[in-house]
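*Asks:* Curious how this folds, go ahead:
(chains A and B)
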Amino acid sequence: MKVVIIGGGSAGTTCAFELRKENKEIDITIIEKTNQTEYSPCALPYVIGGEISDFEKIKIYTEKDYKENNINLILNEEVKEIDEKNKKIRLKDRELTYDKLVIATGSKPYIPKIEGLTEYLILKTVEDAKKIEKLENKSIIIIGAGMIGLELGNALLNKNNKVIIFENQNSILPNMLDKDMASELEKLLENIEIKKEEIKQININKLITKEQEYYFDHIIIACGTGLENLNNKALYCGDCNYITEEITKATIKSHLGTSAVRQGKNVANKILNKDTESIPNLNNSITKISDYIVGSVGINTNTAINNNIKTISAKYKGTITAPYYSDEPLIVKLIFNELEEIIGGQIIGKTEVAGRLNLLSLAITKKMNIKDLKTIDTCYNPASAPIFDPITVCAEIVEKKVNALKRNYNANK
Amino acid sequence: MNFPNNLRYNKDYSWVKIEDDIATIGLIEYSAKKVEEFVFIMLPSVNQQLKENDVYVTLEAVKWSGHLTTPVEGEILEVNEELFNEPSKINEDPYDNWIIKVRIEKQLNLMDTEEAKKYYESK
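*Replies:* Numbers count the residues shown, from 1 in each chain, chains lettered A, B, ... in the order given. Coordinates of the predicted model:
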């Protein structure tokens, strides 16, 4: 069997290595349009900021690894045409035949329509990152305060640049956080300048809003990714694919590393006619900006409202350890539906964030309710964890709110 | 201690802003900044009639809770429902985040700025 995989990123490469692990005979070819073997694109901002010393470190496989695993790797080539009828793909000066075609071409950055926006940088590939890495002592404007915008903003501040980030949704990390959590984070990220002004136009090196004019040397667009067409008869995986979000059952763009890798494995299993595991997709995301880690699992309040899901939630500002050991904050927000089942969680803190979010992810999948979360038997030691975990305290607050609303309802009746 | 001149105060940690026969009521800064952040608020209902010594709100932090008695008698006209989801706004800015508005039937031993300062400083 001949498998051709278009796209050598996380999804495509995982698919190739998974196939090889299970079957030594299959003829596997990856076609990648850049000159890069698989690396971790999510790590690019941290190389730019110097937290990771160089781009070589974020490589997952070298060309030698592909060779040793008998995977044909074609770099620097783009697919010109897919001939589904004859199961052929055409490259610049040759053709390849296939039995199974996998498309893992990733996403394309979304470029907003702004009058006068002609020259800009984006962060998508190692080449893009290398251009941004060179910026020092410059005035830089980043459009978009999502994960990449904020990660990049912080990275560029490390290099003595003056950075202003513009966000038009009135709140940072709008796809991840509720507004109240976003403003908590904004207070903690005091060194990053964020403007929520509407951009009117760009005039050479000047960005003009309704309120003010801002001069810049470079402008970086970080407004998320645009939509792709999935018209070919092929197996799709990674960022070019759509997935079903578990809670709302909405079709959303897959844009996260874990999801890409899992889809790559699933496609390999499909090709091998093995059972594929259905993995609930909670659109979990996490990032580290400056000293703070922030993440979310499940859906936020806005998404719930847009899907007609009634919510009851609470936010609680606890501490990472016992407060007398260290008063580093750990801010938790829990969101429940009408059945009092958890549907979303958001956490901010310097450490101890990912583990708690994973716990909430499991709780969402298992449809745990307020009482389940309120009564988790948590660990305690003053230097490691507070006596009441912020999650259990937060669940307790939600329970009080639910009871208060029930009492009010009964009183009104 | 910040007790703005345009407000009146009772001895149970509430401020009152009187405009004609309407009283806007909240928690004084002295208390709001002293305790940890509020995590829960039990608000009263609109139309409820408040008499002397009636509690109009219950505020809870994780290790503390308090009931505030009303500084005026009268009918509750409005409740700041926003606080139900973000009670900690009271800690952030207690004079901006009012709790209820009441149609005044009787004022209950209110103090001015100087009297309030003296009273709370001696506590």
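
*Asks:* How about the residues of chain A by chain B?
*Replies:* Within chain A, the residues that sit near chain B (CB under 8 Å from any CB of the partner chain) are A:180, A:313-317, A:388, A:393, A:397, A:400-401, A:404, A:408, A:411-412. C-beta coordinates here come from the backbone N, C-alpha and C atoms, glycine included.

*Asks:* got the contact list for the residue nearest the centre of chain A?
*Replies:* Taking CA atoms, centre = their mean, the centroid of chain A lies closest to A:L256, which sits 4.5 Å from it. By CB atoms under 8 Å, 6 or more residues apart in numbering or on different chains, the residues touching A:L256 are A:N283, A:N284, A:S285.

*Asks:* Quick check: pLDDT value at it.
*Replies:* pLDDT for A:L256: 87.

*Asks:* Give me the phi and psi for it.
*Replies:* Main-chain torsions, A:L256, degrees, to the nearest 10: phi -120, psi 150.

*Asks:* A:E32 now?
*Replies:* Backbone geometry at A:E32, expressed as degrees, to the nearest 10, gives phi -130, psi 130.

*Asks:* And stretch A:355-375, what's buried?
*Replies:* Within stretch A:355-375, the residues scored as buried using 16 or more other CB atoms under 10 Å in any protein chain shown are A:356-357, A:359-361, A:363-365, A:368-370, A:373-374.

*Asks:* How many residues are close by residue 10?
*Replies:* Reading this off chain A. Residues lying near A:S10 (other CB atoms under 10 Å in any protein chain shown) number 28.

*Asks:* wait, chain B
*Replies:* 22.

*Asks:* Equivalent analysis for A:Y120, please.
*Replies:* 15.

*Asks:* hang on, isn't it packed against A:I220?
*Replies:* Yes - A:Y120 is in contact with A:I220 according to CB atoms under 8 Å; the separation is 6.7 Å.

*Asks:* Tell me how far the helix or strand hosting A:I348 lies from the chain's centre.
*Replies:* In this structure, A:I348 is located in strand A:342-349 according to DSSP states H and E. Here strand A:342-349 is found 15 Å from its chain centre; the criterion is CA atoms, centre = their mean, to the nearest Å.

*Asks:* quick one: the helices in the chain?
*Replies:* You didn't pick a chain, so chain A it is. Taking DSSP state H as the criterion, chain A carries its helices at A:10-22, A:44-48, A:63-68, A:126-133, A:147-157, A:179-188, A:257-271, A:301-306, A:354-365, A:370-374, A:390-412.

*Asks:* try again with chain B
*Replies:* Remark: helices assigned in chain B by DSSP H are B:29-32, B:82-85, B:89-92, B:113-121.

*Asks:* Looking at those, which is nearest to chain A?
*Replies:* helix B:82-85 (7.0 Å; CB to the nearest CB).

*Asks:* in the closest one, what counts as buried?
*Replies:* Those would be B:L83, B:F84, B:N85, for helix B:82-85 by 16+ other CB under 10 Å.

*Asks:* Those: which ones sit near chain A?
*Replies:* Okay, of the buried residues of helix B:82-85 touching chain A (CB under 8 Å from any CB), that's B:F84, B:N85.

*Asks:* could you dump the buried residues of helix B:82-85 to CSV with distance to A:P323 and pLDDT?
*Replies:* Converted to CSV, these look like this (distance: CB to CB, whole Å; pLDDT from 0 to 100):
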residue, distance to A:P323, pLDDT
B:L83, 25, 96
B:F84, 26, 94
B:N85, 24, 92
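
*Asks:* coming back round to it: I'd like the helices of chain A as CSV, with distance to A:Y325 appended.
*Replies:* CSV is the format used below for the helices of chain A (distance: least, CB to CB, whole Å):
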stretch, distance to A:Y325
helix A:10-22, 39
helix A:44-48, 29
helix A:63-68, 45
helix A:126-133, 38
helix A:147-157, 27
helix A:179-188, 20
helix A:257-271, 33
helix A:301-306, 33
helix A:354-365, 18
helix A:370-374, 24
helix A:390-412, 15
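
*Asks:* Can you tell me which of these is nearest to A:E213?
*Replies:* Set against A:E213 and scored by CB to CB, the helices of chain A come closest in helix A:147-157, at 20.0 Å.

*Asks:* residues in contact with residue 32?
*Replies:* Let's take chain A. A:G7, A:G8, A:G9, A:G12, A:L73, A:I74, A:L75, A:N76, A:E77 are the contacts of A:E32 under CB under 8 Å, 6+ apart.

*Asks:* try again with chain B
*Replies:* B:I90, B:N91, B:P94.

*Asks:* Who wins on neighbours among these?
*Replies:* That'd be B:I90 among these, by other CB under 10 Å, with 26 neighbours.

*Asks:* That one against B:E29, yeah?
*Replies:* No - judged on CB under 8 Å, B:I90 makes no contact with B:E29 at a distance of 9.8 Å.

*Asks:* Give the bridge partners for A:K195, please.
*Replies:* A:F166 (DSSP bridges).

*Asks:* so what's it up against?
*Replies:* A:I164, A:I165, A:F166, A:E167, A:T209, A:Y214.

*Asks:* any idea how far it is from A:K59?
*Replies:* 36 Å (CB to CB, to the nearest Å).

*Asks:* now swap in B:E73 and tell me
*Replies:* B:E73 is 74 Å from A:K59, by CB to CB.

*Asks:* Grab the nearest non-local neighbour of A:K100.
*Replies:* Nearest non-adjacent residue to A:K100, counting by CB to CB, 6 or more residues apart in numbering or on different chains: A:V3, 4.8 Å away.

*Asks:* For burial, what's the neighbour tally of the closest residue to A:A363 other than its chain neighbours?
*Replies:* Once flanking residues are discounted, A:A363 sits nearest to A:I342: 5.1 Å by CB to CB, 6+ apart. Neighbours of A:I342 under the rule other CB under 10 Å: 28.

*Asks:* residues touching residue 119, list them.
*Replies:* Since you didn't name a chain, this refers to chain A. A:I219 are the contacts of A:E119 under CB under 8 Å, 6+ apart.

*Asks:* wait, chain B
*Replies:* Applying CB under 8 Å, 6+ apart, the residues contacting B:Y119 are B:Y9, B:K11, B:M111.
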